[in-house]
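1. structure for this input, please:
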Amino acid sequence: MAPVKLYIYDLSRGMARALSMGFTGRQIDGIWHTSVVVYGKEWYFGLGILNDIPGGTLLGPPLEIIEMGETEVPEDTILEYINEIRPDFTPDKYHLLDNNCNTFSNKFCEFLTGRNIPDYIINLPADFLSTPMGRQFRPMLESMFGPSRHP
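-> Sure thing, here's the model as predicted:
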């Protein structure tokens, strides 16, 4: 058994929490980036699926660590799984709203533990798009990343 941890980073470094209510009319506590730590490696979706020493990415130490449980999946099976899903997480498949680091972390945690990452992280794109500012930004975001699956 190996512990599985979700590392949570705020890409806004506190700015979302401070300014979101004024800009969006909704409290958004962070612009979340997540990664999954298992067997001494921090796995994340950046320019493809990458791994690093836990806390050793350019983002530094995480803002929060959530214990996701334990996995019985052996490390070699994890590497096979990563290689299997790697085509779904390439730089050209990145989509800010639909296929991002949190999408990867959620899928990886489901595989390892059967658990999803917290809803407040997964639902952030839909929450933002439901605000007046989100509706204004949507055409620009979709012109950059393609149509979103979010209503």
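2. where does the spatially most central residue of the chain land in three-state SS?
-> By CA atoms, centre = their mean, the chain has its centre lying nearest to residue 102, at 1.8 Å. Following DSSP: H, G, I helix; E, B strand; the rest coil, residue 102 is assigned to helix.
3. surely it and residue 122 touch.
-> Yes: Residue 102 is in contact with residue 122 according to CB atoms under 8 Å; the separation is 6.2 Å. C-beta: built from backbone N, CA, C; applies to glycine.
4. pull stretch 93-106 out as PDB, backbone CA atoms only.
-> Output of stretch 93-106 as PDB, limited to C-alpha atoms (Å, rounded to 0.1, in the frame of the first residue of the first chain):
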ATOM      1  CA  LYS A  93      -4.900  18.400 -26.100                       C
ATOM      2  CA  TYR A  94      -4.700  20.900 -23.300                       C
ATOM      3  CA  HIS A  95      -7.900  22.900 -22.800                       C
ATOM      4  CA  LEU A  96      -8.000  25.500 -20.000                       C
ATOM      5  CA  LEU A  97     -11.600  24.600 -19.200                       C
ATOM      6  CA  ASP A  98     -12.000  21.000 -20.200                       C
ATOM      7  CA  ASN A  99      -8.700  19.100 -20.200                       C
ATOM      8  CA  ASN A 100      -6.200  20.600 -17.800                       C
ATOM      9  CA  CYS A 101      -4.100  19.600 -14.800                       C
ATOM     10  CA  ASN A 102      -7.100  19.100 -12.700                       C
ATOM     11  CA  THR A 103      -8.700  16.800 -15.200                       C
ATOM     12  CA  PHE A 104      -5.500  14.700 -15.100                       C
ATOM     13  CA  SER A 105      -5.300  14.700 -11.300                       C
ATOM     14  CA  ASN A 106      -8.900  13.600 -11.100                       C
END
